[in-house]
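J.: Model the structure of this input:
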Amino acid sequence: GVVMTPAVHAGGGCRGARIPATPGQVGAPAAPGAARLACYGVLGMPLAFAALPLYVQWPAHAASQWGLPLAGLGGLLLAVRVADALLDPMFGRWADSAFARAPRRAWALAGGATALMVAGIAALFLMPAPLPAASAGLWWWAALLLALTSWGYSIAIVVHQAWAARLGGGAPVQARWVGS
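T.: Modelled structure (predicted):
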């Protein structure tokens, strides 16, 4: 079937446009134009900026503000990323199912995931340590916040990339969409 999802209309702005409900379905645009790439990029840019502070700046912040050792934080980041990699296929199924049922569901999923990510980043960077430095409870608290933040990010980015898959155009064009 054909569904409504954000895309660029002839006038240039991001609007609902008829595109396939499944990736690669006939009727999808053959190649992305500059306006469509811009629309896709406008939604992807904030997601790209969210990952950098989480993985580059937060460990130093947690070490200095929460008293957690950097080596342990590296292990915690690795564990959360491994769990994230194991959950990504499930997130992809959620995104595909949401787009297939109603694109509004997919965007609601992405919106909720983004809200979770933003709340998690705020808690990780702005909250003082809620428990004594380097205590087991603080490690569990940091792990929970980091996991929720990372999973919110992953769900949002998977929905964003699932949108690109529905814009069609074959493998070379898909690479351009996701690489934009």
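J.: May I see the buried residues of the host helix or strand of P46?
T.: Here P46 sits within helix 34-52, counting by DSSP states H and E. Across helix 34-52, burial judged by 16 or more other Cβ atoms under 10 Å covers A35, R36, L37, C39, Y40, L43, G44, L47, A50. C-beta coordinates here come from the backbone N, C-alpha and C atoms, glycine included.
J.: After it, which helix or strand is next? Please name it.
T.: Per DSSP H and E, helix 34-52 leads on to helix 58-66 as the next helix or strand towards the C-terminus.
J.: And the helix holding P46, what does it pack against?
T.: strand 2-8, helix 103-126, helix 136-166, helix 170-179 (3 or more Cβ pairs under 8 Å, 6 or more residues apart in numbering; DSSP states H and E).
J.: can you rerun that using 6 Å?
T.: Contacts defined by 3 or more Cβ pairs under 6 Å, 6 or more residues apart in numbering; DSSP states H and E place helix 34-52 against strand 2-8, helix 136-166.
J.: Compare the ones you listed and report which one is nearest to L87.
T.: Using Cβ to Cβ as the measure, helix 136-166 is the one of these that comes nearest L87, at 6.5 Å.
J.: Kindly provide the whole-number mean pLDDT of that closest one.
T.: Average pLDDT, helix 136-166: 92.
J.: Could you give me the buried positions within that helix?
T.: Those would be 138-139, 141-142, 145-166, for helix 136-166 by 16+ other Cβ under 10 Å.
J.: Who are the packing partners of it?
T.: helix 34-52, helix 70-101, helix 103-126, helix 170-179.
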